[in-house]
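>>> return a 3D structure for these sequence lines:
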Amino acid sequence: MKEVIFLVDDEPNVLNALTRELNASQFNDIVTARDGIQAIELLRATPDVAVIISDYRMPGLDGISFLLEAQQICPDATRMILSGVADLEMATNAINLGQIFRLMLKPCPPELFIASVKAGIRQYELVTSERDLLQNTLKGSIKILTDLLAAINPDSFSQSTRISALTRKFATSLGLINAWELELAGLLCRIGCVTVPPEVLETWMKGRILDDGQRRMIDSVGKIGHHLLRNIPRLEKIAEGILYQSTPFQPLGQNANQTPRGTDIPIIGRILKIVIDYDRFLTIDPNPKAALSRLASQANEYDLDLLKSFRELIISEVEGERTGVAKKESALTEVAIDDVKIGMVIMGNVFDKKGRLLIGSGTQVTDIIKLRLENYNNIYGLDQTLLVRKMELSTSNN
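Coordinates of the predicted model:
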């Protein structure tokens, strides 16, 4: 079996006996440690730990304290106590604090010990399979939503792609541990645009005046996105952030007291507010410094600490002072529709011969995008060859 069984006991004879019992039952991936401190170091360097079995009374770090730390390192591993001393307090602490799967007493009969290990491995497989299923379901749900947005509203999809990349950079520069949530929030924050007429979105993006009805449509984008996403597992925080993506940091007007303000607004929402507005200002004027000036002119709408950090990030990029992984762009190439491949990036808006926008500039070709192009080309024809680019990553820091 590939899953690792991790044994911790300060008595060498116990470790040797347990190892022999495991080997006799064809468990050969075994790691042992003589105390909790050593075990913590070994755990950090040991992948695929399925079961952790620890003594209770050990020098330096008792079994429950060790298992609490082990839970942070290997959260999926099944944790057990094997102890020569058992009392009610120890058992209660083991269950409530250590969240152990089994409590075994020494001397433990070999058949009971092996049965417990097998049960622990089944528990580990159950936890990891459920997690993998959830992650795959999550990825599939996100792909469906983004593919639909790309097909229904190409401009909004292109915008969400830009916002996602920038929110990821911003979250990373801030040192946020949930940068992946910001990246997903950026990718999904415009999903509510599917309910808004393209003409209204274009008016808003170009900074033109909106009437009351149009303003309500734009303001509804976050609410619609929240409604679509809130019931998808693991997207609850992202959905909440998307709900508040247009909420000013210091709201004004009659509804100000009914609206979250300041740091009561989720940080995902505060970051999205800055990045979405910045992206829109770039559409009005492609000069980054001009876009930053527009942000500064309405600074009451943003978290000033975040706005300052965002400005520093953009200025750093503009001046070419950033370090780290560099993006290497291949040359632009014109291709016919039959030569478009999944993974290519379309560099330029694509229209059919009736003048309808099919794909926005900057869109990466997926199977759905490719099928959309082929279908529209077959029925209506495209009025151009496609300008594409293949993106590559370079790890050099030159």
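>>> give the buried residues for stretch 226-244.
Neighbour counts over stretch 226-244 (16 or more other Cβ atoms under 10 Å) mark His226, Leu228, Leu229, Ile232, Leu235, Ile238, Ala239, Glu240, Gly241, Ile242, Leu243, Tyr244 as buried. The C-beta positions use only the backbone N, C-alpha and C, and glycine is treated the same way.
>>> for that stretch, give the mean pLDDT please.
Taken as a whole, stretch 226-244 carries a mean pLDDT of 88.
>>> then stretch 65-76?
Rounded mean pLDDT across stretch 65-76 is 88.
>>> any residues touching it, and which ones?
Residues outside stretch 65-76 that contact it (Cβ atoms under 8 Å, 6 or more residues apart in numbering) are 8, 36, 39-40, 43-44, 49, 52, 54, 58, 61, 77, 79, 81, 97-100, 124, 127-128, 131.
>>> one step back: which of the buried residues of stretch 226-244 fall in helices?
His226, Leu228, Leu229, Ile238, Ala239, Glu240, Gly241, Ile242, Leu243 (DSSP state H).
>>> and the closest residue to the third one other than its chain neighbours, how far from Gln123?
In other words, Leu229. Nearest residue to Leu229 in three dimensions, chain neighbours excluded: Ala239, at 3.9 Å (Cβ to Cβ, 6 or more residues apart in numbering). To Gln123, Ala239 is 31 Å away according to Cβ to Cβ, to the nearest Å.
>>> how about the helices in the protein?
12-24, 36-44, 63-73, 88-96, 110-152, 154-174, 179-188, 198-205, 212-229, 236-243, 267-284, 288-297, 304-318, 367-379.
>>> show me the shaky parts of this protein.
Within the chain, the stretches falling below the threshold (pLDDT under 70) are 1, 86-98, 133-137, 139, 252-258, 321-330, 383, 391-398.
>>> domain-wise, how is it divided?
The record, using automatic domain parsing to delimit domains, assigns the chain the ranges 4-130, 153-322, 324-398.
>>> for the ones in helices among the buried residues of stretch 226-244, give me a markdown table that also has distance to Tyr302.
Output for these, formatted as a markdown table (distance: Cβ to Cβ, whole Å):
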| residue | distance to Tyr302 |
| --- | --- |
| His226 | 20 |
| Leu228 | 26 |
| Leu229 | 23 |
| Ile238 | 20 |
| Ala239 | 21 |
| Glu240 | 18 |
| Gly241 | 15 |
| Ile242 | 17 |
| Leu243 | 17 |
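>>> would you mind checking which of these is nearest to Asn378?
Within these, the smallest distance to Asn378 is 30.7 Å, found for Leu228 (Cβ to Cβ).
>>> that older thread, give me the buried subset of the contacts of stretch 65-76.
Neighbour counting by 16+ other Cβ under 10 Å classes 8, 36, 39-40, 43, 49, 52, 54, 58, 61, 77, 79, 81, 98, 100, 124 among the contacts of stretch 65-76 as buried.
>>> can you tell me how far Gly241 is from Asp10?
In terms of Cβ to Cβ, Gly241 sits 48 Å off from Asp10.
>>> same question for Gly140.
Gly140 sits 48 Å away from Asp10, going by Cβ to Cβ.
>>> neighbour count for the two, which is higher?
Asp10 (15 against 10; other Cβ atoms under 10 Å).
>>> which residues touch the more buried one?
Residues in contact with Asp10 (Cβ under 8 Å, 6+ apart) are Arg34, Asp35, Asp55, Met58, Pro59.
>>> between those, which has the most around it?
Asp55 (24 neighbours).
>>> need the contact list for it.
Val8, Asp9, Asp10, Glu11, Val14, Gly63, Ile81, Leu82, Ser83, Gly84 are the contacts of Asp55 under Cβ under 8 Å, 6+ apart.
>>> out of the residues you listed, who's the most crowded?
Gly63 (29 neighbours).
>>> wait, doesn't that residue sit right on Gly84?
No: Gly63 is beyond contact range of Gly84, at 11.3 Å (criterion: Cβ atoms under 8 Å).
>>> mutual contacts of those two, please.
Asp55, Tyr56, Arg57.
>>> got JSON lines for those residues, with distance to Ser116 too?
Listed next are the shared contacts of Gly63 and Gly84 as JSON lines, based on distance: Cβ to Cβ, whole Å:
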{"residue": "Asp55", "distance to Ser116": "15"}
{"residue": "Tyr56", "distance to Ser116": "15"}
{"residue": "Arg57", "distance to Ser116": "20"}
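>>> and Ile368, how close does it get to Thr146?
Ile368 is 9 Å from Thr146, by Cβ to Cβ.
>>> next: Glu3.
35 Å.
>>> report the central residue of the protein.
By Cα atoms, centre = their mean, the chain has its centre lying nearest to Trp180, at 2.8 Å.
>>> compare Glu3 and Thr146 (neighbour count), which wins?
Thr146 (21 against 18).
>>> who are the contact partners of that one?
Neighbours of Thr146 in contact, by Cβ under 8 Å, 6+ apart: Phe157, Ser160, Leu187, Leu188, Ile191.
>>> wait, doesn't the last one sit right on Ile224?
Yes: shown here, Ile191 and Ile224 form a contact pair, counting by Cβ under 8 Å, at 7.4 Å.
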